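*Asks:* Sequence and predicted model, in that order:
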Amino acid sequence: MNGQIIRQRDAERTRSELLSVATEVFADSGYSGARIDEIARRTRTTKRMIYYYFGGKEQLYLAVLEAAYRGIRQAERELRIDELNPTDALRQLTELTFEHHRENGDFIRLVAIENIHRGNFIRQIESLRDLNQPALNLLDEILDRGRQQGCFRDDVDALDVHLLISSYCVFQVANTYTFGYLFGRDLQDEANRSRLRRMIGDVVVSWLTDH
């Protein structure tokens, strides 16, 4: 029994490492440019082992995509906002998204790559629809409480708010190099971090309370 548990843990650890390295490789090189040989080299394993765990390059890429989306959804689930007033809850969720995207640049690059491919791969991951629904449910809950207390406007829905938050937070990472070159401001500079995080919180809260 102990041997079986150890083997299972080793398998989980190996699969996790492969996913982690594959995430970096796909994010850096895109789907077409990524090479299984490179992932095998960096994990000190073999292509055969990668195929054993995932089945092939496309299946590995799909697993990477799913894991990337699970990361932000898991962070949202860990929020404790029940005891916060709706305004503070909304600000906390907004700032969490900002911090997650800033700390997970590979996630943003993978999303960009998937859009280059017109969503051809993500459409194969049916579980992502169910996985992402709780994000809207959480926003719905916050918005409902705010409306009941008379502090939030009632002409926007959860998807509108999600779009606004995501647009700003994705931009911070996806456009950091072009924005920095054109305007001479480093969006990833630590000196700007708290101000930029506070800015999106202010924008979302002000928009929802402007009625």
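*Replies:* Great, that's in hand.

*Asks:* So for stretch 108-117, what gets flagged as buried?
*Replies:* Buried positions in stretch 108-117, judged by neighbour count with 16 or more other Cβ atoms under 10 Å: 108, 109, 110, 111, 113, 114. The way it works is simple: take the backbone N, C-alpha and C, and place the C-beta from them, glycine included.

*Asks:* Helices of the protein, start to end?
*Replies:* Applying DSSP state H to the chain gives helices spanning 2-33, 36-43, 47-54, 57-77, 86-103, 105-116, 127-148, 158-174, 176-183, 190-209.

*Asks:* Okay, angle between the second one and helix 47-54 too, please.
*Replies:* Here the directions of helix 36-43 and helix 47-54 differ by 90 degrees (axes from the mean of the first three to the mean of the last three Cα atoms, to 10 degrees).

*Asks:* what residue lies at the spatial centre of the chain?
*Replies:* The centre of the chain sits closest to residue 72, judged by Cα atoms, centre = their mean, with a distance of 4.3 Å.

*Asks:* show me the contacts for it.
*Replies:* 97, 100, 101, 104, 107, 135 (Cβ atoms under 8 Å, 6 or more residues apart in numbering).

*Asks:* quick one on the thing from earlier: grab the two from the buried residues of stretch 108-117 that are most spread out in space.
*Replies:* The span of these, defined through Cβ to Cβ, is set by 108 and 114 at 10.8 Å.

*Asks:* Residue 109 versus residue 65, what's the distance?
*Replies:* 12 Å (Cβ to Cβ, to the nearest Å).

*Asks:* for residue 196, that is, sorry about that
*Replies:* With the distance defined as Cβ to Cβ, residue 196 ends up 19 Å from residue 109.

*Asks:* for residue 90, same thing?
*Replies:* From residue 90 to residue 109 the distance is 27 Å (Cβ to Cβ).

*Asks:* and what of residue 32?
*Replies:* In terms of Cβ to Cβ, residue 32 sits 14 Å off from residue 109.

*Asks:* and which of the contacts of residue 72 is nearest residue 166?
*Replies:* residue 97 (7.1 Å).

*Asks:* what about that closest one, how many residues close to it?
*Replies:* Applying the criterion other Cβ atoms under 10 Å, we find 23 residues in the vicinity of residue 97.

*Asks:* now do residue 63
*Replies:* Residue 63: 19 surrounding residues under other Cβ under 10 Å.

*Asks:* That one reaches residue 56, doesn't it?
*Replies:* No - applying Cβ atoms under 8 Å as the test, residue 63 and residue 56 come out as separate, 10.7 Å apart.

*Asks:* if I pick the nearest residue to residue 174 once chain neighbours are set aside, what's in contact with it?
*Replies:* Counting by Cβ to Cβ, 6 or more residues apart in numbering, residue 174 lies nearest to residue 108, which is 5.2 Å off, once chain neighbours are set aside. With contacts defined as Cβ under 8 Å, 6+ apart, the neighbours of residue 108 are 101, 170, 173, 174.
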